[in-house]
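Visitor: please find the sequence and the predicted model below.
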Amino acid sequence: MKNRIIITIFTIIIASLTTYFFVSIKTKKEFESFYNIENDAISSVNKVNGLEIIPKIEILDDGKIKILTFNKVPNSISNAVKYANYLWKNEGYYIITNDNFGKEMGKVELAKNSSENGKILKVNVNCNSNDSFEVIISLINGSLLLKNKNNISAN
């Protein structure tokens, strides 16, 4: 009888540890640190904002377009702004268009040259009206040519 109790307790402990191990591994894999598009990597919303929401992900055009929709996000607009600002200030993205970004239904488009010649990484961040926001990452053909407005011609 005593041996049965010991074996039962031991089995419960092993099963609990095994379950904990597999659950903790799964949780760590759910939150990506980077979104990869071919040879480029972009910091994830989860990494930048510490947001613990798994986005709905759509992948189009053989992986060259990723649409990430974050639903039921507290302070969704401020989370969207924080992410876009991070890309602009820390990852070398330029703001291409800004349409009332930071407000309901506002959006911003950021871009930078890809690590692959002749390609641009484009990131659109869209604020929605239902406690959600969307991040669309795409790899497109082209290159950014920046104009230096500080040049003064001496004629």
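Guide: Arrived safely, thanks for sending.
Visitor: where does residue 148 land on pLDDT?
Guide: pLDDT for residue 148: 65.
Visitor: roughly how far does the residue minimising distance to the centre of the chain sit from residue 79?
Guide: Nearest residue to the geometric centre of the chain (Cα atoms, centre = their mean): residue 44, 2.9 Å. Per Cβ to Cβ, to the nearest Å, residue 44 is found 12 Å from residue 79. From N, CA and C alone the C-beta is placed, and that goes for glycine too.
Visitor: distance of the residue nearest to the centre of the chain relative to residue 52?
Guide: 12 Å.
Visitor: any shared contact partners between the two?
Guide: Taking Cβ atoms under 8 Å, 6 or more residues apart in numbering as the criterion, residue 44 and residue 52 both touch residue 31.
Visitor: quick one: the lengthiest helix in the chain to chain centroid distance?
Guide: When the chain is parsed with DSSP state H, its longest helix is helix 2-30. From the chain centre to the centre of helix 2-30 is a distance of 33 Å (Cα atoms, centre = their mean, to the nearest Å).
Visitor: which helices and strands does that helix pack with?
Guide: The contact analysis (3 or more Cβ pairs under 8 Å, 6 or more residues apart in numbering; DSSP states H and E) places helix 2-30 against no helix or strand.
Visitor: outside of whichever helix or strand comes after it, which residues touch it?
Guide: Next helix or strand after helix 2-30 toward the C-terminus (DSSP states H and E): strand 34-37. Outside strand 34-37, the residues that touch it by Cβ under 8 Å, 6+ apart are 41-44, 47, 63-64, 66, 68, 121, 137-139.
Visitor: same thing but 6 Å
Guide: Outside strand 34-37, the residues that touch it by Cβ atoms under 6 Å, 6 or more residues apart in numbering are 41, 42, 44, 66, 137, 139.
Visitor: and for stretch 87-94?
Guide: Here stretch 87-94 has contacts from 110, 111, 112, using Cβ under 6 Å, 6+ apart.
Visitor: by neighbour count, which of the residues you listed wins?
Guide: Using other Cβ atoms under 10 Å as the neighbour test, the contacts of stretch 87-94 are led by residue 110, with 23 neighbours.
Visitor: burial of residue 66, as a residue count?
Guide: Residue 66 has 21 nearby residues by other Cβ under 10 Å.
Visitor: should've said residue 19
Guide: Quick note: residue 19 (other Cβ under 10 Å) scores 10 neighbours.
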